[in-house]
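> got a sequence here, can you build the structure:
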Amino acid sequence: MAVNELSPIRTGLKHQTGVMSGSRRTGRWSLGHVALLAGALFVSALILLIPLYLAIRAGSAWPEVAQTLRQPGTLQVLGNTIVLAVSVVLASTVMAVSLAWLVSCTDLPAKKMWTVLAALPLVIPSYVAAFLYVSVLSPKGLLQQALYPWFGLERLPSFYGFPGAFLVLTCVSYPFTFMTVRAALQRMDPALIEAARSLGLSPWRAFWRVTLPYLRPAIVAGGLLVLLYCLRDFGAVTMLQYSTFTRVIFNRYLAYKLDAATALALVLVALTAVILLLEQRTQGRARYERLGVGAARAARLTPLGRWKWPALLLMGGIVFWSLLLPAAGLLYWLGRGLFQDWLVAGSGGAPRNIVSLAALVDPAWNSFAASLLGAALTMLLALPIAVLVVRHASRLTRLFERLTYASSALPGIVVALAYVFWSTNYALPLYQKMPVLLLAYVILFIPQAVGTQRASLLQMPASLEEAGRSLGKRPWAVFRQITWPLIRPGMLAGGALVFLTCMKELPATLILSPLGFNTLAVQVWTNVEEAFFARAAAAALLLLLLSSVPLAWLTMREKSA
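Presented below is the predicted three-dimensional model:
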């Protein structure tokens, strides 16, 4: 899945000239072509509203914005954000490369099981992981309570601040790099390693001299995803009280200090844009494709020998901290809430409603409905851009494509603040209504949709559509009878990916949700803020189950492909 999420970002940064030679380009502007351009212009306008909002707010209150930018606290927040993001990227890269190499290139026992377990933290939202880690590892948490009778330990070291944010974000984000590096290792030509070994290099030196340089694009790609994830994260840093841009912007918004929030949002967007630009310019010119002819063959596995048990210990340790520990905390709080409900009811007392499963029906339905509508709308609005890029390639269509990919640099909280501004000033009837929330989902997740649709269209020869038109079929009939059946699997996969990310989105949902519209993400957040961990655990478990459905479908689809 991480590879699918990655392709929109990277293809948007570096123009790929591999548009099929059969792409249909005409000088005539048909009605269908005009409709596609109108759809692309509409999406582009939605995206450009965010930087326009920042420019208007900054221009109308420049003295206040400039004062905020000059404050020492802003520089400190910038330093906190960069230090956290870089630290998480480095740690997650070391973890991911180690795990990917063990499950792909060695004789590690139970490799399929370890591969699945190492990728599962991808479905855990950062705010869910944060509250579970806090409940277990805080100074008076579950771990301290378990150790006290045995060791008399009265207090654990503080988990809040940088240590907690670093641990949580590393554990939930390393699967991005793990998936991309593992995919690269599976595509690697084994002749490269064999040639290095024939020249007298040991397995360890062959890894450093051959394998690691070959993995550079995958490592950079995964690291970029982790970096963007850290810059956009809101839940973990807020819950763990570590002041990064997203946390401070949200606090300024709650305090109605919108000028200060705008100034910090400008810095955050500029920082993300600089990172994306540097990633584009630092791409090397080395070649990484397989140059040999003939069918690819499986690589010879490296025997671990005496290192088998340390490798198993490493795998088990990472899986324990990233998956089993939060899962144990989740089950503990869920069981505690259900047990207290049963205990009170069994003693004839009044129900305490510690965990009310019936109360989760509406939030679960709201999450499902909003995510489904958001995914459908995102895929629909992404289709004109994908069709224009593949079938009518030009500078204008490539501009549309890059603009949609650039929206990956927009944190959810900045998008939410922009749409609050536009709806309250120019579309008041839409303020805190479902359409605004759905449009925010479109802006945040359209890179995923455009990437999957573009890949599907590139795999379908344009000659099939031209044959349909030569038989007198109208463009809509050609799309419905020829194009759609062929691109439907890719469309469904992209929709499932967007649905998964909509389910987990927190800051945009918190700010833009209609009044009284409670989702599972909001339910988890509000219960954690009030220290109702048992109620939060029930909502979090249901959120994870619903989010796992599209991930399981994508995994089964990959195996059957």
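> next up, the contacts around R454.
Contact analysis of R454 by C-beta atoms under 8 Å, 6 or more residues apart in numbering lists T11, A386, V389, V390, E401. (C-beta placed from N, C-alpha, C; glycine too.)
> show me what the longest helix along the chain is packed against.
Secondary structure of the chain per DSSP state H: the longest helix is helix 72-105. Applying 3 or more C-beta pairs under 8 Å, 6 or more residues apart in numbering; DSSP states H and E, one finds that helix 72-105 makes contact with helix 111-119, helix 162-187, helix 216-232, helix 245-254, helix 258-281, helix 308-319.
> next SSE downstream of the helix or strand of the chain with the lowest mean pLDDT?
Sorting the helices and strands of the chain by mean pLDDT, DSSP states H and E puts helix 2-13 at the bottom, at a mean of 40. Once the chain leaves helix 2-13, the next helix or strand it forms, by DSSP states H and E, is helix 31-60.
> show me what that next one is packed against.
Short answer (3+ C-beta pairs under 8 Å, 6+ apart): helix 31-60 packs on helix 258-281, helix 361-391, helix 395-406, helix 412-426, helix 434-458, helix 475-478.
> out of these, which gets nearest to L54?
Between L54 and these, the shortest separation by C-beta to C-beta is 5.4 Å, and it involves helix 258-281.
> what pLDDT, on average, does that closest one get?
Averaging pLDDT along helix 258-281 gives 83.
> so L360 sits against A540, correct?
No. Shown here, L360 and A540 do not form a contact pair, counting by C-beta atoms under 8 Å, at 10.4 Å.
> more neighbours, those two?
A540 (29 against 20; other C-beta atoms under 10 Å).
> can you name the residues that contact the residue nearest to the more buried one when sequence neighbours are not counted?
Using C-beta to C-beta, 6 or more residues apart in numbering and skipping the chain neighbours, the partner closest in space to A540 is V128 (4.6 Å). Listed by C-beta under 8 Å, 6+ apart, the contact set of V128 reads G235, P326, L330, V524, A540, L543, L544.
> mind giving me a markdown table with these and columns for distance to T177, pLDDT and secondary structure?
Output for the contacts of V128, formatted as a markdown table (distance: C-beta to C-beta, whole Å; pLDDT from 0 to 100; DSSP: H, G, I helix; E, B strand; the rest coil):
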| residue | distance to T177 | pLDDT | secondary structure |
| --- | --- | --- | --- |
| G235 | 21 | 89 | helix |
| P326 | 19 | 90 | helix |
| L330 | 25 | 89 | helix |
| V524 | 26 | 90 | helix |
| A540 | 25 | 90 | helix |
| L543 | 24 | 89 | helix |
| L544 | 22 | 86 | helix |
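> distance to L313 added to these, as TSV?
Listed next are the contacts of V128 as TSV, based on distance: C-beta to C-beta, whole Å:
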residue	distance to L313
G235	31
P326	20
L330	25
V524	33
A540	29
L543	32
L544	27
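> and D107, how far from T115?
As judged by C-beta to C-beta, to the nearest Å, D107 and T115 stand 14 Å apart.
> more crowded one of those two?
T115 (20 against 13).
> do you know how far that one is from L185?
The gap separating T115 from L185 is 12 Å, by C-beta to C-beta.
> ok so, going back, can I get the helices and strands packed on helix 31-60 in CSV with distance to A91?
Listed next are the helices and strands packed on helix 31-60 as CSV, based on distance: least, C-beta to C-beta, whole Å:
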stretch, distance to A91
helix 258-281, 18
helix 361-391, 31
helix 395-406, 27
helix 412-426, 24
helix 434-458, 25
helix 475-478, 50
